[in-house]
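Engineer: Turn this into a model:
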Amino acid sequence: MTPQLPAWLDPSPWLDGREPTAVDVERALGCDEPGPRELAAMLSPAAHPFMEVMAQRARALTRRRFGRTISLYAPLYLSNHCTNGCVYCGFASDRAQPRRRLEPSEVEKELAMLKEMGFEEVLLLTGERTSHAGFDYLLECVSMAARRFHGVGIEAFPMTTREYALLAEAGCSGVTLYQETYDPRQYDRLHRWGPKRDYLDRLYAPARAMEAGMRTVGLGVLLGLSDLVFDAVCLLRHAAHLQRIHWKSGITLSFPRLRPQAGNFAAPITVDEAWLARFVFAVRIVLPDVPLLLSTRERPEFRDGMAGLGISKMSAGSRTTVGGYDGAEPSTGGQFQVCDERGVPEFCAMLRSRGLQPVFKNWDSVFREAEAGGHG
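Structural biologist: Down below sits the predicted model:
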């Protein structure tokens with residue numbers, strides 16, 4: 001049975017079927033407190049002539065809030081075991097590829113390598129909860145990472161509030177969980193089997209993480225799976241709902257596009273770089289204080305151009321295979337193809353050449369630790 005959208009998520013009041021005009025876009029750009037309607041206008045075809053205006057506005061807002069800094073992090077894939085049947089994912093259970101997880105000694109080795117590369121923030125990723133890589137395994141990996149890094153995030157399966165609380169106690173500071181698409185019917189078609197078929201469980205997981213004390217929650221949609229403006233407005237609504245209810249925690253937003261992966265799933269909707277750039281600009285205009293992320297899914301030239309132009313946080317030197325940082329030939333396939341394969345020194349040199357400063361340390365966590373120590 002297809003779930004019903006909760007009232008706080010429903011985008012229909014702002015998507016009334018009328019195609020926005022240039023006047024709507026001008027009104028959106030002049031709005032003091034832009035919201036879903038203004039976002040929809042800036043993502044419409046009528047906004048294309050306003051790209052430069054939007055880019056300059058996004059740059060100014062980004063610089064005002066984040067200065068000339070770009071925060072850097074590294075993803076670490078712990079396991080590619082999965083029981084889900086997501087048609088778009090290279091880790092889906094029907095993909096013919098070797099499966100493995102990193103054992104504790106291997107996790108320590110990968111973490112040491114990332115530390116040597118200069119990173120102070122790491123994102124730990126797994127597939128769906130399985131007997132090979134379940135909650136206890138993830139908790140152990142978080143504890144190991146927290147001994148080395150100022151910032152430890154996870155991108156894994158949805159969990160209970162109690163499980164998120166245990167992860168927070170172990171040193172996890174952030175949870176990333178994309179809804180993939182907010183369209184319930186399309187979601188049902190794309191997720192053929194497995195726990196991830198439960199749309200509402202996934203939808204409410206970020207709130208559970210915030211209730212458990214996570215400092216940040218990362219949201220996003222996998223661009224290309226469903227109607228772009230519908231998903232964009234729903235993403236904004238979801239973010240606003242969490243900010244309103246769980247105001248002590250922060251949010252981040254990411255902009256992943258479908259990339260080639262095992263299974264050769266073709267995106268039903270084409271998302272070109274011009275639209276993606278406009279999406280980033282529009283979100284920055286609507287949410288000036290929220291960190292916006294861009295991964296190595298995108299071409300180096302596109303990432304170079306977007307750094308500081310709305311985007312304030314980026315991954316670098318990424319590997320999407322399990323145990324991908326040891327320099328050996330990958331023994332598993334990646335979740336998706338990495339497009340920007342530059343190493344960390346080369347990427348940092350690019351940022352500096354553009355007047356931007358790469359930042360590895362998670363200062364927010366340092367300040368919070370000092371606060372806790374001062375009042376303990």
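
Engineer: Regarding stretch 40-52, how distant is the last residue from the first?
Structural biologist: 18 Å (C-alpha to C-alpha, to the nearest Å).

Engineer: Just the buried residues of stretch 82-99, please?
Structural biologist: Neighbour-count burial for stretch 82-99, counted by 16 or more other C-beta atoms under 10 Å, picks out 82-86, 88-93, 95, 97, 99. C-beta coordinates here come from the backbone N, C-alpha and C atoms, glycine included.

Engineer: need those residues in JSON lines with pLDDT, can you?
Structural biologist: Formatted as JSON lines, those follow (pLDDT from 0 to 100):
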{"residue": "Cys82", "pLDDT": "93"}
{"residue": "Thr83", "pLDDT": "93"}
{"residue": "Asn84", "pLDDT": "95"}
{"residue": "Gly85", "pLDDT": "94"}
{"residue": "Cys86", "pLDDT": "93"}
{"residue": "Tyr88", "pLDDT": "90"}
{"residue": "Cys89", "pLDDT": "88"}
{"residue": "Gly90", "pLDDT": "81"}
{"residue": "Phe91", "pLDDT": "85"}
{"residue": "Ala92", "pLDDT": "86"}
{"residue": "Ser93", "pLDDT": "88"}
{"residue": "Arg95", "pLDDT": "80"}
{"residue": "Gln97", "pLDDT": "81"}
{"residue": "Arg99", "pLDDT": "90"}
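
Engineer: Closest to Val107 out of those residues?
Structural biologist: Of all the buried residues of stretch 82-99, Arg99 has the smallest distance to Val107: 16.6 Å, by C-beta to C-beta.

Engineer: tell me the contacts of the residue lying closest to the closest one once chain neighbours are set aside?
Structural biologist: Using C-beta to C-beta, 6 or more residues apart in numbering and skipping the chain neighbours, the partner closest in space to Arg99 is His81 (5.2 Å). His81 makes contacts with Arg99, Arg100, Arg101, Thr126, Gly127, Glu128, Thr130, His132, Ala133, as judged by C-beta atoms under 8 Å, 6 or more residues apart in numbering.

Engineer: tell me the secondary structure for His81?
Structural biologist: Here His81 is recorded as coil under DSSP: H, G, I helix; E, B strand; the rest coil.

Engineer: Distance of it relative to Gly194?
Structural biologist: 12 Å (C-beta to C-beta, to the nearest Å).

Engineer: what do the two both touch?
Structural biologist: In contact with both His81 and Gly194: Glu128, using C-beta under 8 Å, 6+ apart.

Engineer: list the contacts for Gln116?
Structural biologist: Just to correct that, residue 116 is Glu rather than Gln. Glu116 makes no contacts at all, as judged by C-beta under 8 Å, 6+ apart.

Engineer: Am I right that Arg202 is in a helix?
Structural biologist: Yes: with three-state DSSP as the criterion, Arg202 is part of a helix.

Engineer: Any idea how many residues pack against it?
Structural biologist: Residues lying near Arg202 (other C-beta atoms under 10 Å) number 19.

Engineer: Any idea how many residues pack against the closest residue to it other than its chain neighbours?
Structural biologist: The shortest distance from Arg202 to any non-neighbouring residue, by C-beta to C-beta, 6+ apart, is to Pro158 (5.3 Å). The number of residues packed near Pro158 is 21, by other C-beta under 10 Å.

Engineer: which residues of the stretch 151-300 of the chain score low on pLDDT?
Structural biologist: Applying pLDDT under 70 to the stretch 151-300 of the chain flags the ranges 260-263.

Engineer: all helices of it, in order?
Structural biologist: Assigned by DSSP state H, counting those that start in this stretch, the stretch 151-300 of the chain shows helices spanning 161-169, 184-190, 199-211, 228-245, 273-286, 300-306.

Engineer: Next: the stretch 1-150 of the chain.
Structural biologist: 22-29, 36-42, 51-66, 104-116, 135-146.

Engineer: model confidence over the fourth one, on average?
Structural biologist: Which is helix 104-116. The average of the pLDDT scores along helix 104-116 is 96.

Engineer: for the second one, same thing?
Structural biologist: Along helix 36-42, the predicted local confidence has a mean pLDDT of 97.

Engineer: Same question for the longest one.
Structural biologist: Confidence for helix 51-66, expressed as mean pLDDT, is 98.

Engineer: Could I get the buried residue list for it?
Structural biologist: Met54, Ala55, Arg57, Ala58, Leu61, Thr62, Phe66.

Engineer: try the first one
Structural biologist: Using 16+ other C-beta under 10 Å as the test for burial, helix 22-29 gives Asp24, Val25, Ala28, Leu29.

Engineer: Format those residues as TSV; extra columns: pLDDT.
Structural biologist: Listed next are the buried residues of helix 22-29 as TSV, based on pLDDT from 0 to 100:
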residue	pLDDT
Asp24	97
Val25	98
Ala28	97
Leu29	97
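
Engineer: okay if I get the residues you listed as TSV plus distance to Glu273?
Structural biologist: Formatted as TSV, the buried residues of helix 22-29 follow (distance: C-beta to C-beta, whole Å):
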residue	distance to Glu273
Asp24	24
Val25	20
Ala28	22
Leu29	21
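
Engineer: Grab the nearest non-local neighbour of the most centrally placed residue in the chain.
Structural biologist: Centroid check for the chain by C-alpha atoms, centre = their mean gives Ser254 as the closest residue, at 3.8 Å. Among residues not flanking Ser254 along the chain, Gly220 sits closest, at 3.8 Å (C-beta to C-beta, 6+ apart).

Engineer: How about the contacts made by the one you found?
Structural biologist: Contacts of Gly220 by C-beta under 8 Å, 6+ apart are Thr176, Tyr178, Gln179, Leu235, Leu253, Ser254, Phe255, Pro256, Leu293.
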